[in-house]
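Chemist: sequence-free structure coming up:
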């Protein structure tokens, strides 16, 4: 189901209707002009081919992720003083840093994601999926985002971190306000103020939990964060809180959007839902195809630490570079029939989780949640029907998130 390319797209408008609601058409047009194209409004390079996007993610030596240096840092430094606590915590997000800080912090945080820790929670995820699926029954349209897609990852990550049950709804609101900053919805003062308030509340929630885990470790994620490694290195209390906050945000926001986008994809390709029903062992491949076809992240920004030639363009030191995963995953040079959902596609070299030293660390947990959800839902529901008349997505450069998604799940 290939989308026709509209002839009058404004190629510089990354937040226009075509780019936000029909990215496959918009990025195809950009890629046709050049896989690395200068954008006058964003004042940086937009990278859209599969080969160039993966090359960019792997090139951490020349393309920096540090949001507090270079052109991105200049924007944040202009933030008003009332947002300094927010910016202080954001500066400790290891995903926004380069080596050596990134190397040290990622190694310490990564201990929480060893396979044994994840497998311990699989039965809990399976039980939770069954509970959350009950409100989907009855044949009436339901708000899939609030009823299922939000609840599954937020409960999982809350339990993973030891966040109290009564705080889960607050996490959603706080994540929305943090997302206005993290997902580049603009750095205006009002958004920064809301982000500052959200980060303060989240830090206040997490700090006593972190202090408890430092004093009395348990078999959980925050305890893994809090303990020193074999060399005696450890994260500071604020570093633990900052990266736990990152997990809260990234752990539920991206998985929620992946689940929602996947349901839309199966609605568009009902034969693939039937295939999954007949063979539940396809759930892992189906998850990878959902990530490729319409993943939760559009693209992520980098900046050039030095001048270099990149895919036919001369990148100047200090230039911003947007590596667009969504475009890479629909590149016909890398995938046969890229605009078709095919849950048997293998190998599936999608770019949804990035590449190189910044490959998404939470990918195994997200995969587990989605696989368990797909397996159960496909077993329980004969078909799915999106009933939202017109799907619209939030206007952000980074995330691919629906504003609303009503779905009817048919049991027979």
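Modeler: Received, thanks. Since the model is a prediction, treat every value here as computed from it, not as a measurement. Residues are numbered from 1 along each chain as shown.

Chemist: Where does pLDDT dip in this structure?
Modeler: Scanning the chain for pLDDT under 70 picks out 1-7, 76-82, 180, 183-188.

Chemist: Strands along that one, start to end?
Modeler: Listed in chain order, the strands of the chain (DSSP state E) span 36-39, 44-47, 63-64, 142-143, 299-304, 308-310, 313-315, 320-324, 383-386, 406-410.

Chemist: I'd say residue 385 and residue 407 touch.
Modeler: Yes: with contact defined as C-beta atoms under 8 Å, residue 385 counts as touching residue 407 (6.7 Å). From N, CA and C alone the C-beta is placed, and that goes for glycine too.

Chemist: Spell out which residues are contacts of both of those two.
Modeler: The contact sets of residue 385 and residue 407 overlap at residue 267 (C-beta atoms under 8 Å, 6 or more residues apart in numbering).

Chemist: So between these two, which is more surrounded?
Modeler: The neighbour comparison of residue 385 against residue 407 (other C-beta atoms under 10 Å) goes to residue 407, with 24 against 14.

Chemist: Tell me who's in contact with the more buried one.
Modeler: So residue 407 contacts 136, 141, 142, 144, 263, 267, 384, 385, 386, 387 (C-beta under 8 Å, 6+ apart).

Chemist: Output these as JSON lines; include the columns distance to residue 377.
Modeler: Output for the contacts of residue 407, formatted as JSON lines (distance: C-beta to C-beta, whole Å):
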{"residue": "136", "distance to residue 377": "8"}
{"residue": "141", "distance to residue 377": "16"}
{"residue": "142", "distance to residue 377": "12"}
{"residue": "144", "distance to residue 377": "10"}
{"residue": "263", "distance to residue 377": "9"}
{"residue": "267", "distance to residue 377": "13"}
{"residue": "384", "distance to residue 377": "8"}
{"residue": "385", "distance to residue 377": "13"}
{"residue": "386", "distance to residue 377": "14"}
{"residue": "387", "distance to residue 377": "17"}
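
Chemist: quick check, nearest of those to residue 163?
Modeler: Nearest to residue 163 among those: residue 144, at 23.3 Å, using C-beta to C-beta.

Chemist: count of neighbours near residue 124?
Modeler: As a burial measure, residue 124 scores 13 neighbours (other C-beta under 10 Å).

Chemist: do residue 265 as well
Modeler: 18.

Chemist: Go ahead and confirm it touches residue 294.
Modeler: Yes: contact status for residue 265 versus residue 294: in contact at 5.5 Å, counting by C-beta under 8 Å.

Chemist: still on that earlier bit, want to throw the strands of the chain into TSV with distance to residue 88?
Modeler: Formatted as TSV, these follow (distance: least, C-beta to C-beta, whole Å):
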stretch	distance to residue 88
strand 36-39	31
strand 44-47	26
strand 63-64	20
strand 142-143	36
strand 299-304	21
strand 308-310	32
strand 313-315	31
strand 320-324	23
strand 383-386	42
strand 406-410	40
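
Chemist: Kindly state which of these is positioned closest to residue 212.
Modeler: strand 299-304 (33.9 Å).

Chemist: what pairs with the residue lying closest to residue 44 once chain neighbours are set aside across the strands?
Modeler: Nearest non-adjacent residue to residue 44, counting by C-beta to C-beta, 6 or more residues apart in numbering: residue 320, 3.0 Å away. Residues in a beta bridge with residue 320, per DSSP bridges, are residue 44, residue 303.

Chemist: thought residue 320 was touching residue 303?
Modeler: Yes: Residue 320 is in contact with residue 303 according to C-beta under 8 Å; the separation is 5.3 Å.

Chemist: who touches both of those two?
Modeler: The contact sets of residue 320 and residue 303 overlap at 70, 71, 72 (C-beta under 8 Å, 6+ apart).

Chemist: count of residues packed around the second one?
Modeler: The reference is to residue 71. For residue 71, the count of nearby residues is 16 (other C-beta under 10 Å).

Chemist: do the first one as well
Modeler: Under the neighbour criterion other C-beta under 10 Å, residue 70 is assigned a count of 19.

Chemist: count of neighbours near the nearest residue in space to it that is not next to it in sequence?
Modeler: Nearest non-adjacent residue to residue 70, counting by C-beta to C-beta, 6+ apart: residue 303, 3.9 Å away. When counting by other C-beta under 10 Å, one arrives at 22 neighbours for residue 303.

Chemist: what residues are up against residue 303?
Modeler: 63, 64, 66, 69, 70, 71, 72, 318, 319, 320, 321.

Chemist: ok, of those, which one's closest to residue 12?
Modeler: residue 320 (13.8 Å).

Chemist: any idea how far residue 38 is from that closest one?
Modeler: Going from residue 320 to residue 38 by C-beta to C-beta, to the nearest Å gives 10 Å.

Chemist: what ranges do the helices span in the stretch 1-150 of the chain?
Modeler: Using DSSP state H, counting those that start in this stretch, the helices of the stretch 1-150 of the chain run over residues 17-21, 23-33, 50-58, 70-77, 84-90, 101-110, 115-133, 144.
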